[in-house]
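Visitor: no sequence on this one, just coordinates:
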Ligand code: SF4
């Protein structure tokens, strides 16, 4: 997040904003240590109207490695990716992909979803969480999923 966004959060709650750091980051850039102090125990953002830009992009972020898109470790991110994985498993039918490759992708996503679900156990008490990665070569499928309307159920379940 940016400096002016840190100022907004500090005005909102200076104690919670102490969880924000710029250690190891370029000048002018900050991050909130996970889990975010402004996420309350009912899964609601306490500063939703003033949330940083990066939160508006949530749950997606481009990783510095440059070869994947990261999904933030969060219950809503999990719902989105769970729907995406189910969509891949049940309706992925690109003709230019071999049956063998389709089976491999499906199996990989099943494992990813299980791993992500395990990561979310005791979500609020963890200091560090692993992100789920979507390789760039699978972004086309994510785009197909998002434009298919299959993600509507996720949006209806949104509580964040
Ligand atoms: S949207 Fe989520 S990560 Fe961003 S400030 Fe609110 S609770 Fe924190």
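Guide: That came through, no problem. Bear in mind that the values here come from a model prediction, so they are computed numbers and not experimental data.
Visitor: And the helices in the protein?
Guide: 3-12, 14-17, 53-56, 75-91, 99-119, 139-147, 152-157 (DSSP state H).
Visitor: can I get these in TSV with mean pLDDT?
Guide: Output for the helices of the chain, formatted as TSV (pLDDT from 0 to 100):
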stretch	mean pLDDT
helix 3-12	94
helix 14-17	96
helix 53-56	76
helix 75-91	74
helix 99-119	81
helix 139-147	74
helix 152-157	50
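Visitor: what's the most buried one of those helices?
Guide: Mean neighbour count (mean count of other C-beta atoms under 10 Å) peaks for helix 75-91 among the helices of the chain, with a mean of 18. C-betas here are computed from N, CA, C, even on glycine.
Visitor: Would you mind getting the angle between that helix and helix 99-119?
Guide: Following axes from the mean of the first three to the mean of the last three C-alpha atoms, to 10 degrees, one obtains 160 degrees for the angle between helix 75-91 and helix 99-119.
Visitor: if we can go back for a sec, can you tell which of the helices of the chain is closest to the ligand?
Guide: helix 53-56 (3.2 Å; C-beta to the nearest ligand atom).
Visitor: Give me the distance from the closest one to the chain's centre.
Guide: 11 Å (C-alpha atoms, centre = their mean, to the nearest Å).
Visitor: Domain map for this structure?
Guide: Listed by automatic domain parsing, the domain ranges of the chain are 3-56, 68-157.
Visitor: Can I get these in a markdown table including distance to the ligand?
Guide: What follows is these, written out as a markdown table (distance: least, C-beta to the nearest ligand atom, whole Å):
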| stretch | distance to the ligand |
| --- | --- |
| domain 3-56 | 3 |
| domain 68-157 | 7 |
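Visitor: For stretch 10-30, measure first residue to last.
Guide: 13 Å (C-alpha to C-alpha, to the nearest Å).
Visitor: contacting residues around that stretch?
Guide: Stretch 10-30 is contacted from outside by 1-3, 5-6, 9, 31-33, 36-38, 46-47, 50, using C-beta atoms under 8 Å, 6 or more residues apart in numbering.
Visitor: Using TSV, lay out the helices of the chain together with distance to residue 133.
Guide: Below are the helices of the chain laid out as TSV (distance: least, C-beta to C-beta, whole Å):
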stretch	distance to residue 133
helix 3-12	26
helix 14-17	29
helix 53-56	17
helix 75-91	10
helix 99-119	8
helix 139-147	11
helix 152-157	19
